[in-house]
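1. no sequence on this one, just coordinates:
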């Protein structure tokens, strides 16, 4: 924590009101950006994707259930791993409370990983998560939505992450993809985001942003070096 600037109540109130104007401007800009996001064109999903879950095999259309919109969280979990990516798990801790509210607004939510379902099911139980989590191991979904690359892809430079050709951070990457279903049952891809675009989905980070120390990551070797699976903190 940096040394604080000690002030009177009146001095603090003056500074806080000035900051409020900037916060309001950011809120208006975020609302305008969200409107542009909603106005993006839709792309038909023509590939027949099949996912393995505790319910058996499900298609992408079936992951919607009775909803017309679907949010997919791409979770980094490779075949053979004993536990999931710590950063993805940090995000995943935010999901369960949101799922009922999303359902109330006609939105289904599911987590997808490249590992076989049997690999991550014990970890999901350990973490105490209840959200739906399915495997894309038997289809090209994770590769097509730019969060999984083969060693050959990486060696040849055939990677595409965060809409940048040649970019990657390893074979697996985090992301979010959004889909919609029309009255005829056809499925469309409407939005995806990656990297820092996922920041807005992490409520814990935004709570930290309210504190004097903030995220306090500048001296770390990488921003989330402090993050642990939630059952490993000693607090």
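-> Perfect, I can see it now. Being a predicted model, the structure only gives us computed values, none of them experimental.
2. buried stuff in the longest helix that the chain contains?
-> In the chain, ranked by residue count with DSSP state H as the criterion, the top helix is helix 9-38. With burial defined by 16 or more other CB atoms under 10 Å, not one residue of helix 9-38 is counted as buried. Yep, even glycine has a C-beta here, placed from its N, CA and C like the rest.
3. what packs against the helix or strand following it?
-> As assigned by DSSP states H and E, the chain's next helix or strand after helix 9-38 is strand 43-44. Counting contacts by 3 or more CB pairs under 8 Å, 6 or more residues apart in numbering; DSSP states H and E, strand 43-44 packs against strand 187-194.
4. Flag every buried residue along the strand it packs on.
-> 187, 189, 190, 192, 193, 194.
5. Redo the residues you listed as TSV? Include distance to residue 218.
-> Shown next, in TSV, are the buried residues of strand 187-194 (distance: CB to CB, whole Å):
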residue	distance to residue 218
187	42
189	36
190	35
192	29
193	24
194	23
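6. if we take those, which one ends up nearest to residue 209?
-> residue 193 (18.9 Å; CB to CB).
7. hey, what's the nearest residue to the closest one once chain neighbours are set aside bridged with?
-> The shortest distance from residue 193 to any non-neighbouring residue, by CB to CB, 6 or more residues apart in numbering, is to residue 176 (5.4 Å). For residue 176, the beta-bridge partners are residue 73, residue 193 (DSSP bridges).
8. Report the contact partners of residue 176.
-> Residues near residue 176 by CB atoms under 8 Å, 6 or more residues apart in numbering: 71, 72, 73, 74, 191, 192, 193, 194, 197, 198, 201.
9. Just confirm the fifth one contacts residue 178, I think it does.
-> Looking back up the chat, that one is residue 191. Yes. With contact defined as CB atoms under 8 Å, residue 191 counts as touching residue 178 (4.1 Å).
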